[in-house]
Every structure is written in structure tokens, then in C-alpha cells.
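*Asks:* Predicted model, plus sequence, below.
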Amino acid sequence: MLRRQAARESAARTYARALPIVPVRARGLTVEGADGRRYLDCLSGAGTLALGHNHPVVLEAVRKVLDSGAPLHVLDLATPIKDAFVTELFHTLPPGLADHARVQFCGPAGTDAVEAALTLVRAATGRTGVLAFTGAYHGMTAGSREVSGGASEVRVTRLPYPQDYRCPFGVGGGRGAELAARWTESVLDDPKSGVRPPAGMILEPVQGEGGVIPAPDAWMRRMRRITADRAIPLIVDEVQTGVGRTGAFWAVEHSGVTPDVMVLSKAIGGSLPLAVIVYRDELDVWEPGAHAGTFRGNQLAMAAGTATLAHVRANGLAERAATLGDRILRQLRPLADDHPCVGDVRGRGLMIGVEMVDPEGDRGGPDAVRKTPPASPELAAAVQRECLRRGLIVELGGRHAGVVRLLPPLTITDEQTAAVLDRLSDAVRAVARARAKERP
């Protein structure tokens, strides 16, 4: 089967290259391959599976729709299933937004919702430019790629995203975040900066693909003030951070920021394709049909999403993610003390990253100021392979694919957490030992 996949599917496939698994059964954190091996899945559909695989409340919600005879495809018509989803979604939103919100159902992927958000703020402001951040990832369609960190030939002003380990200003901490904020203000207020008033600013409260980099709360509040003072709509991409992932239902809640637009996908569909934007009603200037999508009325996804949102909310899974995340970080951080090839351990809630580095590599640019070694994608890939041998599925990310990422479901148990930590730590130690043997 794997040989047929390699022969018939496109060269653009990604996960299948690093994870040669043929899943045939799955429940919660556990995936069983066609060869009978069982794995602990800390990829979770790139964060889509907030409740893990085939959670009973999700399966029951889907079965109920299938057994009811309800239409499965309705474009944007009103249905009881959609009404229940919107009602539950609005219960979870930050109060400052929920009280004056509109929702737009988009195509089924997060990138479709990003496109909708960009279209919305451009229509509402009459402006075209967008402010985005280094290291960002917002999707793979044209507009989403423009505001992502790896884009080229863009109409976007790129701003520094604060981070401690690889601060673009070489200082890190609060001082680095302050410099990043001042840079943003200077670009907007300097009449000779070359940046015209933008249609909006888009940011991630935690950069996932960028390397699991949480934005400082004070910096988030500063971005809200900067945009509000200049009548710039603030778009927050919660595609991966939402639905309890970071230890709050929405990651903006950590800082108390209320954005003008929230981009939501992944976990809101309860493992099925669904994407929406939620925004302040004064931005709702669209003409009918200004943004549409054939599959924006996915009834099964809305039912699964309603069940997921309600379950996370009723069972305090966001708070549990905060507790477990703190425990995981405390237990993983000694790896950086014991092994020079582990540069940094960071994250928020159940969004964890371990950055692998080459401690003897060249330390140029801002990294030279703080003596930060370069990322090592080779060692990160080796850790991923060693994890897989031990029955643990992990993701890679970061600027140079040098960060080993954990995105376990919010339903992970204490015992499963211990098993994940044991397997990951053992994999890191194995890679560190192998690397030491290779060095003279």
C-alpha cells in the first residue's frame, strides 16, 4: 500500500514521507497500523483532533445526523444543526466579540477562512495592504501564503514576531518584545516608511509551524492598542490554537485581547472539515455572494463541532491542557540541561516544541549576540524517527524544521502523558548518544 501511494500520489505529500504508517483503527490517543503496531498520536491531525480519534460524543453526534435523514449538503441555508453550532460557538467567544459578532462559513479548510478574513477587512476599510509577521503560517492558498513567513513577491508588510530563544534583535525577553512593538509603531507612523495604511493585521497567538513560539501577553495587548488607535482591524488566526489547545478556550484569552476578526478551523469541526470567521458586526459590509464556497454547509462537521465545543467547555479541558502543559514543560526542560543538542523547550498548554540545535555550528547574525546555536533539522528528523520506533508520532516544525512538536489531544490521560514523555525523552537521549559517537 505504501509503495502504491508513493507511485500514485503527488510529490507534495508530506506526513506520509516521515511517517510510513497505514492507519486502520484509532481511538483517543492510540492509532493502530495495518501491521498491527500501535502508536501514541501526538500529531492529532495537526491539532484537529481536540478529543482524539473517534471520541464517543463525536461519533454519537455524527450518527444522529445520519440516522435523522437530514440533508448533508445545504450550501448556506439555515438548518437546526447549523443553528445549534453557531449558538454553541458564540457561547465560547470572548465576551467583547460575542456580543457584536457575525459569522461567515467558508470553504472547509483554515486557509479558506484566512482568505475570507483578508477579503473582509479589505472590503470594510477600502485598503489593500496587510501587516503580517515573520515566521507566520496561515495556509497554502494565494492570499494565505502572502501573509505567511515563507512567501515571496507579496503585497504584505512583514513585521518582527517576538521570541526569546531566537530574538530578531538579539536580546530576547521583554526587551525584545518591546523593540518588536516599537518597530511596528515606527513602520505605521513614519511617513517615509513606504508602508501605506493597511487593511488589517493578522497574527497567531502562538506560532505553530513557525516553531511553537507563544506571543508574550503584553505584546499581544500592545498590538491590540496599536491597531485600535489607528483603526486597523486585528485578525487573530486561531486555526491551531483554538478550542482549548493552549490552556484557554481561545489563545487570545491569555492576554485579554478581543480581536476584530477570528479565523477558526481544525478542532471546531470535531475532526471533520469546517472553517469560519467570526468578526465584529460593523465590518459586515459584504454584498451577497462576496465570499462563498460550495462546501460551507457541512452538516456532519457542524454536528461534530457542536459536540466537541460543548464537551471541551463542560469538562474543563482547556484548564486541564494548561495544567498538563506546565507539567510536560517542567519534565522536558532538563533535556536541555543534559544534552547540548537540545536548544530550547517551549510552548503553551498542549502545544509543545523541543528545538534541536547543532551546538558546534556557526552562530551568526542576532544569534551571535546571545550565543544561540543554529537549528538542526537533521537531529530533529532523527528524533522523529526514534520516536516512531518507540511507537510515538510527533510533528516537526520551525524555521528550519528543527523543532519537534507535540500536539496531543486534550483528552490525553496522566498515564498516557507519562508514556509520551518517556518515549520522547528516550528518543532524544538516543539521538544525543549517536551524535556524540560521531564526533571526534
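*Replies:* On my side now, so go ahead.

*Asks:* For stretch 410-419, buried residues please.
*Replies:* Under the neighbour-count criterion of 16 or more other C-beta atoms under 10 Å, stretch 410-419 has L410, T411, I412, Q416, T417, A419 buried. (Glycine included, C-beta is placed from N, CA and C.)

*Asks:* pull the CA atoms of that stretch into PDB?
*Replies:* Taking Å, rounded to 0.1, in the frame of the first residue of the first chain, the C-alpha atoms of stretch 410-419 are listed here in PDB:
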ATOM      1  CA  LEU A 410      -6.900  17.400  25.100                       C
ATOM      2  CA  THR A 411      -8.200  14.100  26.400                       C
ATOM      3  CA  ILE A 412      -4.800  12.600  27.000                       C
ATOM      4  CA  THR A 413      -4.600  10.900  30.400                       C
ATOM      5  CA  ASP A 414      -1.900  11.200  33.000                       C
ATOM      6  CA  GLU A 415      -0.700   7.700  32.300                       C
ATOM      7  CA  GLN A 416      -0.500   8.500  28.500                       C
ATOM      8  CA  THR A 417       1.300  11.700  29.200                       C
ATOM      9  CA  ALA A 418       3.900   9.800  31.200                       C
ATOM     10  CA  ALA A 419       4.300   7.300  28.300                       C
END
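
*Asks:* got the contact list for I213?
*Replies:* Applying C-beta atoms under 8 Å, 6 or more residues apart in numbering to I213 gives the contacts G135, Y161, Q163, V206, Q207, R346, G353.

*Asks:* What number of residues are in the vicinity of the third one?
*Replies:* Right, Q163. For Q163, the count of nearby residues is 23 (other C-beta atoms under 10 Å).

*Asks:* With the fifth one instead?
*Replies:* Around Q207 there are 28 other residues, counting by other C-beta under 10 Å.

*Asks:* Using a markdown table, lay out the buried residues of stretch 410-419 together with pLDDT, secondary structure and distance to P80.
*Replies:* Putting the buried residues of stretch 410-419 into a markdown table (pLDDT from 0 to 100; DSSP: H, G, I helix; E, B strand; the rest coil; distance: C-beta to C-beta, whole Å) gives the following:
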| residue | pLDDT | secondary structure | distance to P80 |
| --- | --- | --- | --- |
| L410 | 98 | coil | 27 |
| T411 | 98 | coil | 27 |
| I412 | 98 | coil | 33 |
| Q416 | 98 | helix | 36 |
| T417 | 98 | helix | 38 |
| A419 | 98 | helix | 41 |
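
*Asks:* Just the pLDDT at A292, thanks.
*Replies:* A292 carries a pLDDT value of 85.

*Asks:* Count the residues that sit near it.
*Replies:* Using other C-beta under 10 Å, A292 has 14 other residues around it.

*Asks:* One more: A434?
*Replies:* 12.

*Asks:* Nearest residue to it in space, please, no chain neighbours.
*Replies:* The spatially closest residue to A434, leaving aside those adjacent along the chain, is A382, at 7.3 Å (C-beta to C-beta, 6 or more residues apart in numbering).

*Asks:* So which elements touch the host helix or strand of the one you found?
*Replies:* For A382, the element it lies in under DSSP states H and E is helix 377-389. If contacts are counted by 3 or more C-beta pairs under 8 Å, 6 or more residues apart in numbering; DSSP states H and E, helix 377-389 sits against helix 15-18, strand 351-356, strand 395-397, strand 403-406, helix 414-438.

*Asks:* In CSV: the ones you listed, plus distance to T87.
*Replies:* Shown next, in CSV, are the helices and strands packed on helix 377-389 (distance: least, C-beta to C-beta, whole Å):
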stretch, distance to T87
helix 15-18, 35
strand 351-356, 27
strand 395-397, 33
strand 403-406, 33
helix 414-438, 33
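
*Asks:* Residues contacting the host helix or strand of E185, please?
*Replies:* If you go by DSSP H and E, E185 is part of helix 173-189. Applying C-beta under 8 Å, 6+ apart, the contact partners of helix 173-189 are 131, 157, 159-164, 167-171, 193, 195, 197, 216, 218-219, 222-223, 226, 230, 232.

*Asks:* any idea which helix or strand comes after it?
*Replies:* Scanning onward from helix 173-189 (DSSP H and E), the first element met is strand 200-203.

*Asks:* Now do the helices in the stretch 251-400 of the chain.
*Replies:* 299-314, 317-332, 334-338, 366-370, 377-389 (DSSP state H, counting those that start in this stretch).

*Asks:* low-confidence ranges in the protein?
*Replies:* Filtered on pLDDT under 70, the chain yields the residue ranges 150-154, 362-370, 440.

*Asks:* list the contacts for the residue most central in space within it?
*Replies:* With distances taken as C-alpha atoms, centre = their mean, Q240 lies nearest the centre of the chain, 2.8 Å away. Counting by C-beta under 8 Å, 6+ apart, Q240 touches A46, G47, G110, E204, V206, G208, K266, M351, L407.

*Asks:* Looking at these, point me to the pair that's furthest apart.
*Replies:* G110 and M351 (15.4 Å; C-beta to C-beta).

*Asks:* Settle it for me: which of those two has more neighbours?
*Replies:* A count of neighbours by other C-beta under 10 Å puts G110 above the other of G110 and M351, at 30 against 26.

*Asks:* Wait, the more buried one touches L274, no?
*Replies:* No - assessed by C-beta atoms under 8 Å, G110 is found out of contact with L274, at 9.6 Å.

*Asks:* Distance-wise, check A301 relative to A307.
*Replies:* 11 Å (C-beta to C-beta, to the nearest Å).

*Asks:* Make a PyMOL selection of the buried ones in the contacts of Q240.
*Replies:* Filtering the contacts of Q240 down to the buried ones (16+ other C-beta under 10 Å) takes a single PyMOL command:
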select buried, resi 46+47+110+204+206+208+266+351+407
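
*Asks:* Same list (the contacts of Q240) but as JSON lines, adding distance to V285.
*Replies:* Listed next are these as JSON lines, based on distance: C-beta to C-beta, whole Å:
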{"residue": "A46", "distance to V285": "33"}
{"residue": "G47", "distance to V285": "32"}
{"residue": "G110", "distance to V285": "23"}
{"residue": "E204", "distance to V285": "26"}
{"residue": "V206", "distance to V285": "30"}
{"residue": "G208", "distance to V285": "31"}
{"residue": "K266", "distance to V285": "28"}
{"residue": "M351", "distance to V285": "34"}
{"residue": "L407", "distance to V285": "36"}
